[in-house]
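J.: this one's sequence-less:
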Ligand code: FE
C-alpha cells in the first residue's frame, strides 16, 4: 500500500519537471541580422517562451546539426536560400510540421510540399547598373545579361555562392538545359573581372565604375542606401540604379523544426509567429527584405517594390541546384 502511494506521489512530479524545462526554444539561425532579435523578443513577450539564439553561417549550422545528431539541442532551424534549406531537409535534419496556420500564412510556392520547411521572408536577385556605363534599359531581364553589348562590363559573384546557383536553377526551371547553356556562355564571356566574394563588394565596384552591370540581392543595396555600412557606402549606393527583372527570381529565408527537437510544440509555435504577417514583416523590415505578402514601405526600397515573381517554386530551385552548378562550371563561371 505504501509503495503505491509513493508512486502516485512521484508521477505528477515527473511530468511537471519536463514541462517547466520546455518553456524555451533554441534557434539555430543562418540569418546574420542582429535585428531578428527584436522579433524573437516580441514572441517571448507574448508567449512567455524564451528564445535562445545561436547564429552561424548556413553551412556551419548544417554541419553542426549533422554532427550533433540525436543529441542536438536545436528546436528551430532558420536558413537562407532554397537550395540550402532543401539540402538540409533531404539530409533528414528536419521533422515534418503539421500546422494549418502555417499552410494559411505561407503561400504554397514558398513552402515545402512535404511540410518540412516554411518560408519567412523573400528576396529578389536584382540587376544593378552604373548608368554612366550601361543604360538600365539595356538590362531589363536576366537573358539580357548575355547580350554581346555588355562585353567586359558585367561583374558577378563567385559560383560557390548559393544566390547565383539559385538564379541559374531558376532559369533552368523556366527555360531548360540547352537555352541556359547558351545563356551562360554569353554571360560568362561578358565577364572580364575576377569573380567577387560578396554582393556588397560588387555594388561598390559597379558604383565606382569598375563594372557597368552586376547581379545582387536587392536588400544589400537598400541597406547601403540606409547607411547601415556607413556614409561612404551610402554615397556609393546612390550612384547605382537597380532593375527588378520582370519576371523576377525570388528566393527566401525559411524555418524548420529540428528532427530531434524535444520541444516540437513550442518550435512550431515560434515558426507560426515568424511566418505570420506580424512576424514576417518584423523580420523583413529592418533587413530590407520583403515579407511573404506585400513589400513593406521603406523609402530605401525605392525602385525595388514593383516586381512580378516568376512561376518557379522554391522547391524547384533546389531540384535544379546540382545541374546549375555543373553548367556554371562548364561555362567557366569561377
Ligand atoms: Fe544575404
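T.: Arrived safely, thanks for sending. The structure displayed is predicted, hence computed values, not measured ones. Numbering: from 1, shown residues only.
J.: who touches the helix or strand harbouring residue 172?
T.: Element membership of residue 172, judged by DSSP states H and E, is helix 162-175. The set of residues external to helix 162-175 that reach it, using C-beta atoms under 8 Å, 6 or more residues apart in numbering, is 58, 80-84, 125, 142, 156-159, 179-180, 183-184, 199, 215, 217, 249, 251, 310-312, 316-321, 323-325, 327-328, 333. Backbone N, C-alpha and C define where each C-beta goes, glycine included.
J.: likewise stretch 322-334?
T.: The contact list for stretch 322-334 (C-beta under 8 Å, 6+ apart) reads 156, 158-159, 164-166, 168-169, 172, 177, 180-181, 184-185, 187-188, 194-195.
J.: Could I get the buried residue list for it?
T.: 324-325, 327-328, 331, 333 (16 or more other C-beta atoms under 10 Å).
J.: Sort out which residues of stretch 119-130 are buried, please.
T.: Buried, per 16+ other C-beta under 10 Å, within stretch 119-130: 119-130.
J.: Please disregard the earlier target; I meant stretch 219-228.
T.: Across stretch 219-228, burial judged by 16+ other C-beta under 10 Å covers 219-226, 228.
J.: Between those residues, which sits nearest residue 261?
T.: Nearest to residue 261 out of the buried residues of stretch 219-228 is residue 219 (C-beta to C-beta; 29.4 Å).
J.: hang on, the earlier thing: so among the contacts of helix 162-175, which ones count as buried?
T.: 58, 80-84, 125, 142, 156-157, 159, 180, 183-184, 199, 215, 217, 249, 251, 310, 312, 316-321, 324-325, 327-328, 333.
J.: Let me know the distance separating residue 202 from residue 24.
T.: According to C-beta to C-beta, to the nearest Å, residue 202 and residue 24 sit 40 Å apart.
J.: same check, this time on residue 139
T.: Separation of residue 139 from residue 24 (C-beta to C-beta): 49 Å.
J.: Could you do residue 162 as well?
T.: Distance from residue 162 to residue 24, by C-beta to C-beta: 30 Å.
J.: what about the two, which has more around it?
T.: residue 162 (24 against 15; other C-beta atoms under 10 Å).
J.: tell me which residues in the helix holding residue 172 are buried?
T.: 162-174.
J.: which one of the buried residues of stretch 119-130 is nearest residue 210?
T.: residue 130 (8.8 Å).
J.: show me the contacts for the closest one.
T.: 206-207, 209, 211-213, 239-241.
J.: ok, of the residues you listed, which one's closest to residue 90?
T.: Nearest to residue 90, judged by C-beta to C-beta, of the contacts of residue 130 is residue 213 at 34.5 Å.
J.: Next one: the closest one from residue 109, what distance?
T.: Separation of residue 213 from residue 109 (C-beta to C-beta) stands at 28 Å.
J.: Give me the more crowded residue out of those two.
T.: Each of residue 213 and residue 109 has its neighbours counted (other C-beta under 10 Å); residue 213 has more, 24 against 16.
J.: doesn't residue 129 make contact with the more buried one?
T.: Yes - applying C-beta atoms under 8 Å as the test, residue 213 and residue 129 come out as touching, 5.5 Å apart.
J.: Now the common contact residues for those two.
T.: 139, 206.
J.: Check the secondary structure at residue 69 for me.
T.: helix (DSSP: H, G, I helix; E, B strand; the rest coil).
J.: Quick check: beta-bridge partners of the closest residue to residue 259 other than its chain neighbours?
T.: The spatial neighbour of residue 259 that comes closest, neighbours along the chain excluded (C-beta to C-beta, 6 or more residues apart in numbering), is residue 95 at 4.5 Å. Beta-bridge partners recorded for residue 95 (DSSP bridges): residue 257.
J.: ok, now which ones touch residue 95?
T.: Counted by C-beta under 8 Å, 6+ apart, residue 95 has contacts 116, 256-261, 264.
J.: Pass me the low-pLDDT residue ranges in the protein, would you?
T.: Scanning the chain for pLDDT under 70 picks out the ranges 1-22.
J.: Give me the angle between the longest strand seen in it and helix 162-175.
T.: In the chain, assigned by DSSP state E, the strand with the most residues is strand 118-129. Per axes from the mean of the first three to the mean of the last three C-alpha atoms, to 10 degrees, the angle that strand 118-129 makes with helix 162-175 is 90 degrees.
J.: sorry, back to before: what's the distance between the residue nearest to residue 259 and residue 302?
T.: From residue 95 to residue 302 the distance is 41 Å (C-beta to C-beta).
J.: now the helices: where do they sit in the stretch 1-150 of the chain?
T.: Using DSSP state H, counting those that start in this stretch, the helices of the stretch 1-150 of the chain run over 2-21, 36-47, 58-68, 82-90, 100-105.
J.: tally of neighbours for residue 276?
T.: Neighbours of residue 276 under the rule other C-beta under 10 Å: 20.
J.: Report how many residues lie close to the nearest residue to it once chain neighbours are set aside.
T.: Distance criterion C-beta to C-beta, 6+ apart; nearest residue to residue 276, sequence neighbours excluded, is residue 105 at 5.6 Å. By other C-beta under 10 Å, the residues close to residue 105 number 23.
J.: isn't residue 105 right up against residue 277?
T.: Yes - contact criterion C-beta under 8 Å: residue 105 and residue 277 qualify, at 7.1 Å.
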